[in-house]
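Q: Attaching a predicted model along with its sequence, questions to come.
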Amino acid sequence: MTKYKLQDAIEKQVATGGRAFIPYIMAGDGGLSKLREQLLFLQQSGATAVELGIPFSDPVADGPTIQEAGKRALAEGTTLRGVLEEIGRLHDEVTIPIVLMTYLNPVFQYGIEAFAKDCAKVGVSGLIVPDLPLEESAMVHDEFIKHDLALVQLVSLTSPAERIERIAKASEGFLYAVTVTGITGARAEFAANVGEHLANLKEVSTVPVMAGFGISTPEQVREMGKLADGVIVGSRIVDALHTGDLDSIRALIAASKAVEII
Ligand SMILES: O=P(O)(O)OC[C@@H](O)[C@@H](O)c1c[nH]c2ccccc12
């Protein structure tokens, strides 16, 4: 299997100590003209890669914070085409891998072939498509493979063991380990079986395991970071960028570097 730039970046981070950190942001929240500044800030603050959300009108997996960000981005007139063009312009400055998070509908509207080709052209590293189940991914996946784009799979806490293993083996770039049941957004606590779940995923996965959903404090970054190769933080980052609370983003990233390796 191809080794993707995305996987490489995570493994390099883990090899130098600490854990990988992938912030999620909504493209076009604050206007697409802000994207450059937002990505450069995250890169300079030590993010390993960025998960860049494409706003969509019916975001089934998104909690309220990300839904609101999506509404703001759509109100700014953000389109998939516009986002890809902007990424293309930032190519020389933004060197950390970009993973696009999009629902299927905008991809179908764009055309799968054209989408994969344009993603590759502007330098996108990978894709997360939450409403594309593994069993139905072949048609889309073939185009991604052609263009060297990693298709990241999500595995939920409640999937049966046999399915978990199939998803883990199919994931490219990294495996997205969902750490809560339900939609995105901050949680006060995690279920008791999260540790076991992550340990099992690390065992069966051939790519790094990134824990995401519900992680919003430096303590949680350390707690989940211990159990995985890194963490993904969405709602808290979206909120902090919106309110201009950049220090709390720096604190979250700093926590990921300070995870004690056990
Ligand atoms: O917001 P949280 O709880 O920190 O979770 C990350 C999540 O937001 C981000 O990865 C994401 C945003 N939208 C999604 C849809 C499906 C899967 C993942 C996502």
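A: Noted; the coordinates are in hand.

Q: Could you use CA atoms for every contact and neighbour count after this?
A: Fine.

Q: Could you grab the helix/strand/coil label for Val152?
A: Look at Val152: counting by DSSP: H, G, I helix; E, B strand; the rest coil, its state is strand.

Q: Now Leu39. Nearest residue, chain neighbours left out?
A: Once flanking residues are discounted, Leu39 sits nearest to Val94: 6.9 Å by CA to CA, 6 or more residues apart in numbering.

Q: give the contact list for the one you found.
A: Residues in contact with Val94 (CA atoms under 8 Å, 6 or more residues apart in numbering) are 39-40, 43.

Q: among those, who's most crowded?
A: Neighbour counts for the contacts of Val94 were taken using other CA atoms under 10 Å; the highest belongs to Leu39, which has 24 neighbours.

Q: So that residue lies in a helix, does it not?
A: Yes. Secondary structure assignment places Leu39 in a helix (three-state DSSP).

Q: Pretty sure the residue nearest to Leu39 sits in a strand.
A: No. The assignment for Val94, made by three-state DSSP, is coil rather than a strand.

Q: Could you measure from the closest residue to Val209 other than its chain neighbours over to Leu6?
A: Nearest non-adjacent residue to Val209, counting by CA to CA, 6+ apart: Leu175, 4.8 Å away. Using CA to CA, to the nearest Å, one obtains 11 Å as the distance from Leu175 to Leu6.

Q: Run through the residues that contact the residue nearest to Ala9 when sequence neighbours are not counted.
A: Spatially, and ignoring its direct neighbours in sequence, Ala9 is nearest to Thr48 (6.4 Å; CA to CA, 6+ apart). By CA under 8 Å, 6+ apart, the residues touching Thr48 are 9-10, 13, 20-22, 96-97.

Q: Show the buried residues in these.
A: For the contacts of Thr48, burial is judged from neighbour counts taken by 16 or more other CA atoms under 10 Å, and it is met by 9-10, 13, 20-22, 96-97.

Q: Over to the residue nearest in space to the middle of the chain: give its phi and psi.
A: Centroid-nearest residue in the chain: Glu51, 3.7 Å away (criterion: CA atoms, centre = their mean). In terms of degrees, to the nearest 10, the main-chain angles of Glu51 are phi -100, psi 120.
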